[in-house]
Structure formats: C-alpha cells, structure tokens
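> my questions are about this predicted structure, shown below with the sequence.
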Amino acid sequence: MKHTIENGTLTFFLEGELNSSNSEEAEKEIESVMASSTYEAIVLDLKDLKYTSSAGLRIIVRLKQQCDDTSLINVPKDIYSILEMVGFQNLLKIEKL
C-alpha cells in the first residue's frame with residue numbers, strides 16, 4: 001500500500017477493494033507503517049478505492065481511535081453514500097472526490 005509522510009501527516013492511498021478477504025492484511029500493513037512513523041494526523045485517500053465492506057469501515061474506526069486527527073479525502077460517491085448512511089460524517093472529516 002502506498003503511503004507518504006509530509007508535514008506530520010501520514011497519508012495512505014487505498015485502492016481496489018477493501019473487504020473481509022484482504023482487510024486483515026491491509027490493517028497489519030497500516031499498523032506497521034504507523035509503528036515506524038512519526039505523525040500527528042492520518043489521511044486515507046480513497047480516490048482509487050472501488051468498494052469497501054464493513055471490514056474496511058472497522059479499519060477506519062480503529063484508525064480514528066488511535067489518532068483523533070484522522071480524515072478521508074477523495075471519497076468516491078458510492079463509498080461516500082455508505083459512510084453517510086452509517087454516520088461517519090459525524091465521526092471524522094470526509095471530503096468527496
């Protein structure tokens with residue numbers, strides 16, 4: 001998974017699908033990067049994410065629990081609709097694509 005660290009912001013670029021078959025691996029990769037990085041904020045860039053299941057939503061919740069300054073950017077319309085339906089807009093900053 002691509003990621004960058006710039007000005008204290010750790011950004012992950014999610015792509016493809018995030019579901020029960022790959023979410024555990026994705027979460028381990030994210031946690032590994034977080035453990036070896038210094039950051040003040042986390043951003044998930046969802047521009048290339050095509051689908052997320054509840055497993056992907058759990059990852060977002062866990063990240064928010066670990067870093068209060070967590071946000072989502074470039075969120076595709078379909079994924080934004082899911083996030084809005086479950087109330088994530090009240091939990092963290094979300095910017096549509």
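Thanks, I have it. Numbering: from 1, shown residues only.

> can you tell me the element residue 42 falls in?
Taking DSSP states H and E as the criterion, residue 42 maps to strand 41-52.

> average pLDDT for whichever helix or strand comes after that strand, rounded please.
On the C-terminal side of strand 41-52, the nearest following helix or strand under DSSP H and E is helix 54-66. Here helix 54-66 scores 97 as its mean pLDDT.

> next, the angle helix 54-66 makes with the strand holding residue 42.
Angle, strand 41-52 to helix 54-66, by axes from the mean of the first three to the mean of the last three C-alpha atoms, to 10 degrees: 170 degrees.

> list the buried residues in strand 41-52.
42-46, 49, 52 (16 or more other C-beta atoms under 10 Å). C-beta: built from backbone N, CA, C; applies to glycine.

> make CSV from those and add distance to residue 21 to it.
Converted to CSV, these look like this (distance: C-beta to C-beta, whole Å):
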residue, distance to residue 21
42, 24
43, 25
44, 19
45, 22
46, 19
49, 15
52, 12
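
> now, which of those sits nearest residue 9?
Taking C-beta to C-beta as the measure, residue 43 is the one of the buried residues of strand 41-52 closest to residue 9, at 5.8 Å.

> give me the nearest residue to the closest one, chain neighbours excluded.
Spatial nearest neighbour of residue 43, excluding adjacent residues (C-beta to C-beta, 6 or more residues apart in numbering): residue 11 at 4.3 Å.
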